[in-house]
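Peer 1: Here is my input; please provide its structure:
(chains A and B)
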Amino acid sequence: MTSVTAPASALATRALKTKLRADGIKMVFERDGVSTDVLDDISLEVGDGEFVCLLGPSGCGKSTMLNVIAGFISPTKGQVRIDGERVTGPDRRRVFVFQERGVFPWLTVEGNIGFGLFDLSEAERRQRIAHYVELVGLQGFEQAYPRELSGGMKQRVEVARALAVNPDMLFLDEPFGALDSITRLIMRGELLRIWEAERKTIVFVTHDIDEAVQLSDRVIVMTARPAKIQRIVDIDIPHPRDISSPKYLSLRDGIFDAIGLAHKV
Amino acid sequence: MRSPAHVRFVTALTQLRPAAFVAVLLVAWHVAIKFQSNPLLPGPLAVASGLLELATRGLMLKYVVASLFRVTWGFAGAALLAIPIGLAIGWYRRVELAINPFIQILRPISPLAWIPIAILWFGVGDVAAIFLIFLASFLPLTVTAINAVESIPEVYVNAGRNFGLRHSQLVYRVLYPAVMPHLIIGLRITLGIAWLVVVAAEMIAVNSGLGFLIVDARNAGNRYDLVVAGMVMIGVIGLLLDIGIRSLERIPSISWGYSDD
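Peer 2: Predicted coordinates for the structure are as follows:
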């Protein structure tokens, strides 16, 4: 299978500047004297402007990995560098998009999107908010509170809030997991549209194989806990992707095989 | 078919239900007293004339103001101190572990048990009563604030940190709005307690206010009409205080914390 490349050569073939580099990340959680290995020696690189998916079964530790990359938790061993700088905590240049539950319920759509813009002048703030309200298609809902919005709309608010501070990286943790399947498809399209317009580096965690193959430049397939990188799959199909093309199907089936799943239900 | 007029009539009737219930009770009370040779309670008419008497003598306003004055100072003082302390304790969980046993020992002690000590320290007067109300409000509000912080979903704090908020901004822009719905419930319950305690405190520690009115009416000639009039006033004002705090729950930046009914 030619599409499956070894981790070491993964970036070399793409000629992208390295944005993020994780070296030998190990994570051990201690609780009540019992220690659980969650991440086992994970090393990976993400190129500037690249869209990478971390794919693995639920509970495998991929969310933990994303939290380490984002600086919310420090690893037991190893380190993460972004632009050559060691990650020691969260940073507004790299914004984490939670599922829609990260939207602040006490603020309106406008208040949420403008949340990170406290160092701008009022006029700039207004203009930035208006731009991102439009980008995610929430015109007319500026004054609405999250409780009045659907799950998909809340998710857009979160994406807009993250983009508004103009970060150079976005971390998305199963952002569309709680949405119905139609909204999920629409949101994937929207995310790709925004990514192509703004070219942020994106690390996207999912347990959905189709989602990973539809969205990303590379899929990093992780094993069950303690998570290791099982393989890295290049998805060299240009967008928009035809999800019935032989190439798409063979890449997807390759990942199904890698994870050890049968193709029949 | 139901006509719109009919629907309006039924709606109006539904809204009148609580008032109608009170009216029925008043009539039953009146009738029950009428048929007793040696009534256990003054009748509603006697109570009404008692209320009128208090109003015309200027005592009603004076006593209500006196009681509200004590509750305001005791309750506001407790809220201003207990909420920041409770939020800080909840934020730093290790502190909570250290002081939790202490709080749990103080909690079952009725604030009324402090009456002798309050009088010893402050003498008979407003300060003693205010101190008792402060004590009665302080612990419940501290515990509410601690619990409120602990109930904040971590994702809000992480999102705040992610946008580069410093500690003070995080408190002001995330912690404070996130705990508001929880705090308001605590304030409501505690104001109810404070209103109970002021009446008890006034029976012993001062010589004005609604609690004093009740004790004084009995001592000075068994005026049970004034005793019940005082009870009615305590009930009505307690209800108004509760309605006042509940109206905060409808503010949009707070109402998210309550489920829709």
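
Peer 1: Show me where the stretch 1-150 of chain A has its helices.
Peer 2: For the stretch 1-150 of chain A, applying DSSP state H, counting those that start in this stretch gives helices covering A:62-70, A:109-113, A:122-135.

Peer 1: Compare the ones you listed and give me the one nearest A:Arg225.
Peer 2: Shortest distance between A:Arg225 and these, using Cβ to Cβ, is found for helix A:62-70: 9.3 Å. In this view, the C-beta of every residue, glycine as well, is placed from N, C-alpha and C.

Peer 1: ok, what's across the strand from the residue nearest to the spatial centre of chain A?
Peer 2: The residue lying closest to the centre of chain A (Cα atoms, centre = their mean) is A:Phe204, at 2.0 Å. Counting by DSSP bridges, A:Phe204 is bridged to A:Cys53, A:Leu172.

Peer 1: these two touch, right, B:Gly43 and B:Trp29?
Peer 2: Yes - applying Cβ atoms under 8 Å, one finds B:Gly43 in contact with B:Trp29, separated by 6.7 Å.

Peer 1: Comparing those two, which shows the higher neighbour count?
Peer 2: Using other Cβ atoms under 10 Å in any protein chain shown, the more surrounded residue of B:Gly43 and B:Trp29 is B:Gly43, with 19 against 16.

Peer 1: That one: what's its closest spatial neighbour, skipping adjacent residues?
Peer 2: Leaving aside its chain neighbours, B:Gly43 sits nearest to B:Ile33 (3.8 Å; criterion: Cβ to Cβ, 6 or more residues apart in numbering or on different chains).

Peer 1: Where does pLDDT dip in chain B?
Peer 2: By pLDDT under 70, the weakly predicted segments of chain B are B:1-2, B:260-261.

Peer 1: hey, where'd the helices end up in it?
Peer 2: With DSSP state H, the ranges of helices along chain B come out as B:4-34, B:44-56, B:59-91, B:93-106, B:115-122, B:126-150, B:154-162, B:167-170, B:176-204, B:210-219, B:224-248, B:252-255.

Peer 1: try the stretch 151-265 of chain A
Peer 2: Secondary structure of the stretch 151-265 of chain A by DSSP H, counting those that start in this stretch: the helices cover A:151-164, A:181-198, A:209-215, A:246-259.

Peer 1: which one of those lies closest to A:Asp41?
Peer 2: helix A:246-259 (18.8 Å).

Peer 1: From chain B, how far out is the nearest residue to A:Gly49 once chain neighbours are set aside?
Peer 2: Computed as Cβ to Cβ, 6+ apart, the closest residue to A:Gly49 that is not its neighbour in sequence is A:Arg199, at 4.7 Å. A:Arg199 sits at a distance of 21 Å from chain B (criterion: Cβ to the nearest Cβ, to the nearest Å).

Peer 1: again, but for A:Gln230
Peer 2: Taking Cβ to the nearest Cβ, one finds A:Gln230 at 28 Å from chain B.

Peer 1: how about the helices of the stretch 151-265 of chain A in JSON lines, adding mean neighbour count?
Peer 2: Formatted as JSON lines, the helices of the stretch 151-265 of chain A follow (neighbours: other Cβ atoms under 10 Å in any protein chain shown):
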{"stretch": "helix A:151-164", "mean neighbour count": "24"}
{"stretch": "helix A:181-198", "mean neighbour count": "15"}
{"stretch": "helix A:209-215", "mean neighbour count": "21"}
{"stretch": "helix A:246-259", "mean neighbour count": "16"}
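
Peer 1: Using TSV, lay out those together with distance to B:Ala129.
Peer 2: Below are these laid out as TSV (distance: least, Cβ to Cβ, whole Å):
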stretch	distance to B:Ala129
helix A:151-164	49
helix A:181-198	59
helix A:209-215	65
helix A:246-259	71
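
Peer 1: any chance of the ones you listed in a markdown table, plus mean pLDDT?
Peer 2: Below are the helices of the stretch 151-265 of chain A laid out as a markdown table (pLDDT from 0 to 100):
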| stretch | mean pLDDT |
| --- | --- |
| helix A:151-164 | 88 |
| helix A:181-198 | 85 |
| helix A:209-215 | 90 |
| helix A:246-259 | 85 |
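
Peer 1: Quick one: closest of the ones you listed to A:Val52.
Peer 2: helix A:209-215 (9.5 Å).

Peer 1: List the contacts of the closest one.
Peer 2: A:51, A:53, A:55, A:176, A:184, A:188, A:191-192, A:204, A:206, A:219, A:235, A:241, A:243, A:248, A:251-252, A:255-256, A:259 (Cβ atoms under 8 Å, 6 or more residues apart in numbering or on different chains).

Peer 1: what's near enough to touch A:Thr183?
Peer 2: A:Thr183 neighbours (Cβ under 8 Å, 6+ apart): A:150-152, A:176.

Peer 1: ok, the nearest residue to A:Arg94 once chain neighbours are set aside - contacts?
Peer 2: Residue nearest to A:Arg94 in three dimensions, not counting chain neighbours: A:Met169, with 4.0 Å by Cβ to Cβ, 6+ apart. Residues near A:Met169 by Cβ under 8 Å, 6+ apart: A:19-20, A:82, A:93-95, A:200-203.

Peer 1: Output the set of residues of the stretch 51-200 of chain A in proximity to chain B.
Peer 2: A:70, A:72, A:89-92, A:95-96, A:98, A:101-102, A:104-107, A:115-116, A:118, A:145-147, A:165 (Cβ under 8 Å from any Cβ of the partner chain).

Peer 1: 6 Å - rerun?
Peer 2: A:72, A:90, A:92, A:95-96, A:98, A:101-102, A:105-106, A:116, A:145, A:147 (Cβ under 6 Å from any Cβ of the partner chain).

Peer 1: for the helices of the stretch 1-150 of chain A, which one sits closest to B:Leu135?
Peer 2: helix A:109-113 (38.7 Å).

Peer 1: Show residues contacting that closest one.
Peer 2: Here helix A:109-113 makes contact (Cβ atoms under 6 Å, 6 or more residues apart in numbering or on different chains) with A:103-104, A:129, A:132, A:138, A:141-142, A:144, A:157, A:160-161, A:164.

Peer 1: Any figure for the gap between A:Glu142 and A:Ile194?
Peer 2: 19 Å (Cβ to Cβ, to the nearest Å).

Peer 1: Let's see the pLDDT reported for the residue of chain A most remote from its centre.
Peer 2: If you look at how far each residue of chain A sits from its centre, by Cα atoms, centre = their mean, the farthest one is A:Gly33, at 32.5 Å. A:Gly33 is assigned a pLDDT of 84 by the prediction.

Peer 1: Many thanks, I have nothing further to ask.
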